[in-house]
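Visitor: A predicted structure for the sequence below; I have some questions about it.
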Amino acid sequence: MNSSSPASPQEGAIKYRLDFRFGAKIAFEEIRELNAWRSILYRLGMIGRNRRRYGGLAYGNVSRRLGDKNTNSPAFLISGTQTGDLETLATDHYCIVQACRAEENWLKAEGPIKPSSEAMTHAALYAANTAIDVVIHAHCGEIWRNAYRLGIPVIEADIAYGTPDMAIAVGRLLRDERTAGPSIFAMLGHEDGIMAFGRSAESAALVLMQQLAAGLQTASDLCTGRQS
């Protein structure tokens, strides 16, 4: 059974055209490590739900590359839409993105749940760099507000999340040698939105934790009048 999701201006909604087929659950071994690190980020508040923010919608998602890296449209598994409020995900909370054509605002997926609204951005990261095997979309005000001070690359505020423009901007960002450094960037048009990535769930999550610590130090310096 196929379904299609139209573009929507609502925060947290799927904006790309989705060719989705309901399918089998993901094998537990495929999500075991990723799920553990995701639960840690949930406890830190980087993934979750705050009824007073973001329109009360859940936030944050994780993904892991699957199969052949030598393709412009790599397959990957990703947590499902609006699962951020769950501390631990089960095998029916993930699906597989089989193909993505950002220029057509189109994505194909299969599984027991539809993919996250950020799936196109995840796809752009995998397509841009074959060294990336895990992507984490988190929300963290301490990093997001201090992105410039921390030297973190940014996607400018006029580029909306989950859109072809975001996918194009991400590809451009990863090709820009001037942004070499931490495997992380902030989306200024997506309140508190941060993307971290790496060769493993551990490496991507640790980048977030390190930058959170740096952001907290920066905020403390600003409050005390010290120059970082």
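Guide: Done, it's in. Residues are numbered from 1 along each chain as shown.
Visitor: center of the protein - which residue?
Guide: With distances taken as CA atoms, centre = their mean, His137 lies nearest the centre of the chain, 2.6 Å away.
Visitor: give me the number of residues near Gly48?
Guide: For Gly48, the tally of surrounding residues (other CB atoms under 10 Å) stands at 18. Just so you know, the C-beta spots here come from the backbone N, C-alpha and C atoms, and that holds for glycine as well.
Visitor: where does Tyr126 fall, secondary structure wise?
Guide: Using DSSP states H and E, Tyr126 sits within helix 119-128.
Visitor: show me what the longest helix anywhere in the chain is packed against.
Guide: If you go by DSSP state H, the chain has its longest helix at helix 201-224. Judged by 3 or more CB pairs under 8 Å, 6 or more residues apart in numbering; DSSP states H and E, helix 201-224 is in contact with helix 28-43, strand 134-139, helix 141-144, helix 147-150, strand 184-187, strand 193-198.
Visitor: quick check: angle from the helix holding Tyr126 to strand 134-139?
Guide: Angle, helix 119-128 to strand 134-139, by axes from the mean of the first three to the mean of the last three CA atoms, to 10 degrees: 140 degrees.
Visitor: for Tyr59, give its distance to Ala128.
Guide: Tyr59 is 23 Å from Ala128, where distance means CB to CB, to the nearest Å.
Visitor: those two: who's more crowded?
Guide: Set Tyr59 next to Ala128 and count neighbours by other CB under 10 Å: Tyr59 wins out with 27 against 18.
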